[in-house]
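[1] Can you look at this prediction? I've put the sequence above it.
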Amino acid sequence: MTQVVTSDAAIRDIEQLLYQEASFLDAADLDGWIDLYTQDGTYWMPVTPEQESPLDHISLFYDDRVLMEVRRRNIKHPRAASKDYPVRCSHIISNIRVADEGDASCTVHSNFHCLMYYNGKQTMYGGRYMHELVRQEGRWMIRHKRVDLINCDAALNTIIIYI
């Protein structure tokens, strides 16, 4: 059974990591964002509610570090089609809950809303995050992030940047 993290300093550090990640995504700063992930980090957005595995079913995203780097390079490339329209977004994270699974790792659950404006369309995303964090070189880093959209199985606008 996991225990709830009780150290105020640890909770603040974890909250700051989640807020920093949101800030990088709001600024479309994928360089800074990727630096928050471990070398074996993954990012997963299931396509169905309660999906259990990214390997046994199609996903909206299931990126490892290599695919994250490819997306980052494509978005930053001077001739990328995505450069034709700026990405503007705002992430709001709330209800952060931290479970302590040891001195060097924890699982964090939170709720989010993301308002994105791209190519003349405004889109609202909402759902739950699950971050698996590990402590490396004296700081928390993201080993795995799962994004459960409330409407993951609905028709969605183009998701131009990570949510």
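    Arrived safely, thanks for sending. Remember, it's a predicted structure, so these values are computed and weren't measured experimentally.
[2] who are the neighbours of the top strand by length along the chain, in terms of helices and strands?
    With secondary structure taken from DSSP state E, the chain has its longest strand at strand 121-136. Contact here means 3 or more CB pairs under 8 Å, 6 or more residues apart in numbering; DSSP states H and E; on that basis strand 121-136 packs against helix 8-26, strand 105-118, strand 139-149. All C-beta atoms are positioned from the backbone trio N, CA, C, and that covers glycine.
[3] Nearest approach to residue 159 belongs to which of the ones you listed?
    With CB to CB as the criterion, residue 159 lies closest to strand 105-118 of the helices and strands packed on strand 121-136, at 8.2 Å.
[4] packing partners for the closest one?
    Using 3+ CB pairs under 8 Å, 6+ apart: strand 105-118 touches helix 8-26, strand 88-100, strand 121-136.
[5] Pipe the ones you listed into JSON lines and attach distance to residue 114, mean neighbour count and mean pLDDT per row.
    Shown next, in JSON lines, are these (distance: least, CB to CB, whole Å; neighbours: other CB atoms under 10 Å; pLDDT from 0 to 100):
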{"stretch": "helix 8-26", "distance to residue 114": "8", "mean neighbour count": "16", "mean pLDDT": "93"}
{"stretch": "strand 88-100", "distance to residue 114": "5", "mean neighbour count": "15", "mean pLDDT": "92"}
{"stretch": "strand 121-136", "distance to residue 114": "4", "mean neighbour count": "16", "mean pLDDT": "94"}
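[6] and residue 63, which of the ones you listed is closest to it?
    helix 8-26 (13.9 Å).
[7] Could you list the residues in contact with the closest one?
    5, 29-30, 32-33, 36, 89-93, 96, 98, 106, 108, 110, 112, 114, 129, 131, 133, 139-140, 142, 161-163 (CB atoms under 8 Å, 6 or more residues apart in numbering).
[8] chain center to that helix, what's the gap?
    How far helix 8-26 lies from its chain's middle: 12 Å, per CA atoms, centre = their mean, to the nearest Å.
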